[in-house]
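*Asks:* 3D model of this:
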Amino acid sequence: MGRVLISIFLAGAVFIAVGAFAEGIKAYAAQPAVSAAAGAEVPKKEGAYEYSGLDRRDPFAPLVSKREAGKEKGIAPLEAYDVNEVKVIAILWAKTKYYAVFSLPDGKSYTVNEGAKVGTRNGVITKITKDQVVIKERVRDARGSMSPRDTVLRLRGEDEE
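*Replies:* Residues are numbered from 1 along each chain as shown. Down below sits the predicted model:
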C-alpha cells in the first residue's frame, strides 16, 4: 500500500511540474518579439558595455600600406621596389668612380651610380665602395616624423661568404 501511495504522489508531482512548464512556455510565446535587425531598440542591461567602433580604424587593416610595384605611371623601375628587395650582383669601377649593378625581383638588371634614386621611399645612393652600396632614405618613425635611414647593400651577403 505504501508503494502505491508513493507512485501516486510522484505521478501527481510530475503532472504539476509539466503543467507549470507548459504555462511558462505559453507566457514566453505571448511576449512580443524584438528584433535588432528590424530597427527596434533592444533593452539595455544596467551596467552593460556597448562597443561602437564607427569612428575608429579597422583593427585588421594594415598599418602601413605597401605601394604596388609598377602601378604608377612614369615611375622608374628602380623606384617601384623596396630597397630590401633589390640585390647587388656586381660592382664596377672606372678610374675615379664606382658603378653598381642591381637585380630586381622581376629579373631585370640595372647599372646605377651615386645619386641615383632607388626604392619606394625616395632613396638616393650616397656611396658605392668596392663591396657595398649605401642608400639614404627618409622613413616615418613610430612617432610619425620623418627621419633619415641608411641602408647598406653588400655585394656578397654574409651567408654567401
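*Asks:* Phi, psi for the residue nearest the centre of the chain please.
*Replies:* For the chain, residue 62 is the residue whose C-alpha lies nearest the centre (Cα atoms, centre = their mean; 3.4 Å). For residue 62, the backbone dihedrals (degrees, to the nearest 10) come out as phi -70, psi 140.
*Asks:* All the strands of this structure, in order from the start?
*Replies:* Using DSSP state E, the strands of the chain run over 87-93, 98-103, 109-112, 117-118, 123-128, 132-140, 146-154.
*Asks:* what's the average pLDDT for the fifth one?
*Replies:* Okay, so that is strand 123-128. Throughout strand 123-128, pLDDT has a mean value of 94.
*Asks:* Export it to CSV, keeping only CA atoms.
*Replies:* Extracted in CSV, the C-alpha atoms of strand 123-128 (Å, rounded to 0.1, in the frame of the first residue of the first chain):
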residue,chain,number,x,y,z
GLY,A,123,66.1,56.7,-51.5
VAL,A,124,69.3,58.0,-53.0
ILE,A,125,72.6,56.2,-53.5
THR,A,126,75.1,58.2,-51.4
LYS,A,127,78.2,56.0,-51.7
ILE,A,128,79.4,53.0,-53.6
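*Asks:* same for it, what does it pack against?
*Replies:* strand 98-103, strand 117-118, strand 132-140 (3 or more Cβ pairs under 8 Å, 6 or more residues apart in numbering; DSSP states H and E). From N, CA and C alone the C-beta is placed, and that goes for glycine too.
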